[in-house]
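A.B. asks: Sequence and computational prediction follow.
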Amino acid sequence: MTSTLPRLDALVRDRAEAGKRFFPPEAERIARLCHRMAERFARGGRLLALGRTPAARSDARHVAVEFVHPVIVGKRALPAIALAGEGGPLHAQLDLIAEPGDMVIAFGAEDGCGETAAALELAARRGCLTIAFAPGAAEWVFEPPGDPFVRQELGETLYHVLWELVHVFFEHRGLLEGRPAGAVHDTGASSFLYPFLAEQEDDLEAVVADVRASVLVKGRETTALRVDTIGRHADVLGAAAADLRAGFARGGRLLALGNGGSATDAMDAVADFRTPLAGGPARPALDLTEDTAIITALANDIGPDVVFARQVIAHGRTGDVLLALSTSGASLSVLAALAEARRRGMRTIAMVGYDGGRIAGEGLADHVIVARSEHIPRIQEAHAGAYHVLRELVERA
């Protein structure tokens, strides 16, 4: 898809090519890693996600919420926690809680951070399974191609796929080392609701082959959706970038928000804008998901629907721009924040999924980018590509 923005066309091509290069050669290893992780979860292991820098922290928090929050019907919550830079040195935090059966996934090791490397070394000595994105940093290393934004997008897809497909092996109890095989049951049409009733022993290689095929399908799906979302909204992204440039020129700021995985996307977007890019300056940005004391106080004392609107009242002013992320396009806390932003003369950008929900249907934001999917992980992956492109367009239009 060709737009009127040559730079955007190049960014779309980069993402299409990177997705095609990464998943086919890695699908087999990803499938086997899902099996090894399922074995550890089955024996009581936990996933510990590390992120020292602001961007790495957003990924650590994202992977943790995905594993703990069972948004797939019938799937179990799996224990995961994020250890981020604000908690102190990563290796010191890990030293206190890591156990031999745990898994550790580290973000930011590719930046050459000695602290992250030390944490991974400690985890390996303790008997943890380790995952990272830099050569030699861990037992399982993945190196997505492309620029830093593209690599981060592919890394997000990777951990989403791990989360989705690790559950497959729970449906084959006999394939999990250290866990006794269960009886075989035919649950028929109910299997999608109660998958654990049908746990069975099977041939490991056959299941791995099925999971590998699923990895390839999911890789193609996310690449196609990311390319479509960015390409189809080229003019919208260009106009949103223009609003941001104008706002920054007048002393305005970016305010970003979202719930759950979308909250971590807001964290990431803010981290990206606070980082200089392409010769441009760091840009002022506020993460309205960041302060847990404010969010929990508002949710407890007034209600969850106001956790962002009240912060917009406190911080928002004419010249600011609000970036709202919502996979459904209908989250009440997001709708309230968008309405408050408009009352205050702010420009608004929304990234949504499905058919756009109320935000797109009722025109509740000035610029709306819709990732047309009904699968939350794919929507979030497309959103990451869109706000990364938005960041680049602010400086490189």
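C.D. replies: On my side now, so go ahead.
A.B. asks: what number of residues lie near Val334?
C.D. replies: Applying other Cβ atoms under 10 Å, we find 30 residues neighbouring Val334. Backbone N, C-alpha and C define where each C-beta goes, glycine included.
A.B. asks: what's the answer for Arg250, then?
C.D. replies: 10.
A.B. asks: ditto for the one 3 residues further on
C.D. replies: By the criterion of other Cβ under 10 Å, Arg253 has 20 neighbours.
A.B. asks: What is the burial count for the residue nearest to it when sequence neighbours are not counted?
C.D. replies: Closest residue in space to Arg253, ignoring its immediate chain neighbours: Pro284 at 4.2 Å, by Cβ to Cβ, 6 or more residues apart in numbering. Pro284 has 16 neighbours, counted by other Cβ under 10 Å.
A.B. asks: could you pull out the strands for this structure?
C.D. replies: Secondary structure of the chain (DSSP state E): strands located at 47-51, 80-84, 103-107, 129-132, 140-141, 254-258, 285-287, 321-326, 347-353, 367-371.
A.B. asks: name the helices or strands packed onto the first one?
C.D. replies: Where contact means 3 or more Cβ pairs under 8 Å, 6 or more residues apart in numbering; DSSP states H and E, strand 47-51 is packed against helix 54-68, strand 80-84, helix 90-97, strand 103-107, helix 114-125.
A.B. asks: ok, now the fourth one?
C.D. replies: In terms of contacts (3+ Cβ pairs under 8 Å, 6+ apart), strand 129-132 is packed against helix 6-42, strand 103-107, helix 114-125, strand 140-141.
A.B. asks: Can I get it in PDB? Just the C-alpha atoms.
C.D. replies: Extracted C-alpha coordinates of strand 129-132, given in PDB (Å, rounded to 0.1, in the frame of the first residue of the first chain):
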ATOM      1  CA  LEU A 129      15.600 -21.300  32.400                       C
ATOM      2  CA  THR A 130      16.800 -18.100  30.800                       C
ATOM      3  CA  ILE A 131      15.500 -16.200  27.700                       C
ATOM      4  CA  ALA A 132      17.000 -13.000  26.200                       C
END
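A.B. asks: Please enumerate residues in contact with it?
C.D. replies: 33, 36-37, 40, 45, 102-106, 109-110, 116, 120, 123-124, 137-142 (Cβ atoms under 8 Å, 6 or more residues apart in numbering).
A.B. asks: do the same with the third one
C.D. replies: Contacts made with strand 103-107 from outside it, assessed by Cβ under 8 Å, 6+ apart, are listed as 37, 40, 45-51, 55-57, 59-60, 63, 90, 94, 98, 116, 119-120, 123, 128-133, 137-138, 155, 159.
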